[in-house]
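K.L.:
sequence? don't have it. structure:
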């Protein structure tokens with residue numbers, strides 16, 4: 001049987017493990033093949049061409065082959081375009097990687113999610129101190145929404161989930177695990193029906209990440225905080241944890 005080979009596939013490195021004294025196992029996110037594992041033979045040797053390339057949050061073109069669960073990396077080239085995020089933006093990028101590692105099955109292609117990830121990483125890499133909080137928050141919320149939609153955990157945002165009743169523009173609704181979108185209690189974080197409807201329109205747009213990013217950036221501070229809280233609860237629920245490791249690390253650093 002012929003060995004399957006793939007050339008020049010857009011990819012990002014999500015995580016890496018030692019495989020031997022000289023080689024690495026890479027968890028990568030590719031556009032056409034989803035999350036796949038690759039062995040980079042000799043990547044730890046000082047003379048390896050892989051050493052300066054196989055970095056997280058960097059757009060790559062990879063070529064690989066094999067039919068086993070772990071394929072063999074043949075080549076990797078940096079696509080250019082932006083530098084490595086730093087500081088809080090770097091931690092935010094690792095948070096995106098943790099979400100993909102926890103929620104995305106291997107060999108499950110999601111081109112739209114790949115494009116959203118690439119867009120979010122580009123925002124983080126180009127984030128300037130003056131707008132850091134707003135830019136990072138909007139990029140993360142946009143990616144979280146698209147991730148939940150792509151893996152089937154986001155209900156339609158243009159109707160109440162259990163009754164399919166249409167949303168009232170000024171009425172508050174909450175997005176919660178298992179129940180989906182429903183009427184909000186007075187004490188709950190919530191968005192108005194008009195805001196949820198606008199987010200659904202943005203998600204349905206051809207360039208969903210850009211449209212959703214623009215929509216979230218236009219939310220008032222209270223609306224952005226409410227969306228962040230609801231998505232955090234939903235993601236933690238589906239990840240099966242109280243707090244993701246990267247979020248806890250960010251909290252710990254902010255407390256120093």
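P.N.:
Perfect, thanks for sending it. This structure is a prediction, so every number in the text was calculated from the model and none was measured.
K.L.:
all contacts plus neighbour counts: C-alpha atoms, from now on.
P.N.:
Noted.
K.L.:
all strands for this protein, in order.
P.N.:
For the chain, the strands defined by DSSP state E occupy 5-18, 24-30, 34-40, 60-65, 70-78, 172-176, 180-183, 191-192.
K.L.:
quick check: closest non-adjacent residue to residue 154.
P.N.:
Nearest non-adjacent residue to residue 154, counting by Cα to Cα, 6 or more residues apart in numbering: residue 148, 5.0 Å away.
K.L.:
now do the same contact list for the most centrally placed residue in the chain.
P.N.:
In the chain, the centroid-proximal residue (Cα atoms, centre = their mean) is residue 96; its distance is 4.2 Å. By Cα atoms under 8 Å, 6 or more residues apart in numbering, the residues touching residue 96 are 117, 140.
K.L.:
any figure for the gap between it and residue 118?
P.N.:
Look at residue 96 and residue 118: by Cα to Cα, to the nearest Å, they are 11 Å apart.
K.L.:
report how many residues lie close to the residue lying closest to residue 162 once chain neighbours are set aside.
P.N.:
Spatial nearest neighbour of residue 162, excluding adjacent residues (Cα to Cα, 6+ apart): residue 179 at 7.0 Å. If you count neighbours by other Cα atoms under 10 Å, residue 179 ends up with 12.
K.L.:
any idea how far residue 179 lies from residue 230?
P.N.:
Counting by Cα to Cα, the gap from residue 179 to residue 230 is 12 Å.
K.L.:
also residue 80?
P.N.:
From residue 80 to residue 230 the distance is 35 Å (Cα to Cα).
K.L.:
looking at the two, which has the bigger crowd around it?
P.N.:
residue 230 (18 against 9).
K.L.:
how about the contacts made by the residue nearest to residue 111 when sequence neighbours are not counted?
P.N.:
Leaving out its chain neighbours, the residue that sits closest to residue 111 by Cα to Cα, 6+ apart is residue 31, at 5.0 Å. Shown in contact with residue 31 (Cα under 8 Å, 6+ apart): 9-11, 109-111, 114-115.
K.L.:
give me that answer again for 6 Å
P.N.:
Neighbouring residues of residue 31 by Cα atoms under 6 Å, 6 or more residues apart in numbering: 10, 111, 114.
K.L.:
same question for residue 29.
P.N.:
11-12, 35.
K.L.:
tell me where the model's unsure across the stretch 1-150 of the chain.
P.N.:
1-3, 127-133 (pLDDT under 70).
K.L.:
quick one on the thing from earlier: now, which of the contacts of residue 29 sits nearest residue 88?
P.N.:
Set against residue 88, the nearest of those by Cα to Cα is residue 12 (19.4 Å).
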